[in-house]
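1. Return a 3D structure for these sequence lines:
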Amino acid sequence: MIKRFFAILLLACMTLPLWAEDVVYLTTEQFKQRVFDYTTNREWKYAGNQPCVIDFYTTWCGPCKRLAPIMDELSQAYCGEVVFYKADTERERELAYVFGISSIPQVMYIPAEGKPMLLKGLYPKEEIVRIIDEFLLGKKAAKP
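-> Numbering: from 1, shown residues only. Purely as a prediction, here's the structure:
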C-alpha cells in the first residue's frame, strides 16, 4: 500500500509540469466573456477571479517576438496565481480600438479587484515579475 502511494506520488511529481497553464490566445468575444464586456458595462468590472496579464501583439513585431518567450515562461511560473492571455491586434481590431492599442507590444495587467494598468513597450523580465508580484499579487518588494 505504501509503495503504491509513493509510486503515484512520484508519477504526479514527474508530470506536474505538464499541468502548468500556457498562454491563452484571446479573441474579442472571449475577452468580453472572460475579462470585461465593454459593450454592456460602463464601469470596469473584471469578469475573472484570478489576476491576468494580456499581451497585445502582432506576429510581425520584433519586440513582441522577444516578449513571447518571457510570457510563456511566466505563465508557467505563476500557474494557478495569474492567467496569461495574448491578443493579436491585427485579428482583434475591435479590441485594439477599444483600448487604444496604437503601438505594440502593450501589456495590460488586471488585478482580481481594481482597475487595470496598461503599459507600452518591451519591459525586462525582472520588471514584469515586479509588476506581477506587487500590482497583481500584492507582494511587498524585497528590500536591498
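2. Which SSE is immediately downstream of whichever strand or helix holds residue 76?
-> Following DSSP states H and E, the helix or strand that holds residue 76 is helix 62-77. Next helix or strand after helix 62-77 toward the C-terminus (DSSP H and E): strand 83-88.
3. List every C-alpha atom in stretch 89-107, with coordinates, as CSV.
-> The C-alpha atoms that make up stretch 89-107 are tabulated as CSV, following Å, rounded to 0.1, in the frame of the first residue of the first chain:
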residue,chain,number,x,y,z
THR,A,89,-4.2,43.3,-32.6
GLU,A,90,-4.4,42.7,-36.3
ARG,A,91,-7.0,39.9,-35.9
GLU,A,92,-8.8,41.5,-33.0
ARG,A,93,-9.1,45.1,-34.3
GLU,A,94,-12.2,46.0,-32.3
LEU,A,95,-10.4,45.1,-29.1
ALA,A,96,-7.3,47.1,-30.1
TYR,A,97,-9.5,50.1,-30.9
VAL,A,98,-11.5,49.9,-27.7
PHE,A,99,-8.3,50.0,-25.6
GLY,A,100,-6.4,52.4,-27.8
ILE,A,101,-3.7,50.0,-28.7
SER,A,102,-1.7,52.1,-31.2
SER,A,103,1.8,50.7,-30.7
ILE,A,104,2.9,47.3,-29.7
PRO,A,105,3.7,45.5,-27.6
GLN,A,106,1.4,46.7,-24.9
VAL,A,107,0.6,44.7,-21.8
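4. Use 821 as the first number for this chain going forward.
-> Got it, first residue is 821 now, which makes that one stretch 909-927.
5. Buried residues, it. List them.
-> 909, 912, 915-916, 919, 921, 924-927 (16 or more other C-beta atoms under 10 Å). Bear in mind the C-beta positions are built from the backbone N, C-alpha and C, glycine included.
6. Around residue 939, count how many other residues there are.
-> By the criterion of other C-beta atoms under 10 Å, residue 939 has 14 neighbours.
7. what about the residue lying closest to it once chain neighbours are set aside, which SS state?
-> Nearest residue to residue 939, sequence neighbours excluded (C-beta to C-beta, 6 or more residues apart in numbering): residue 927, at 5.4 Å. What DSSP: H, G, I helix; E, B strand; the rest coil gives for residue 927 is strand.
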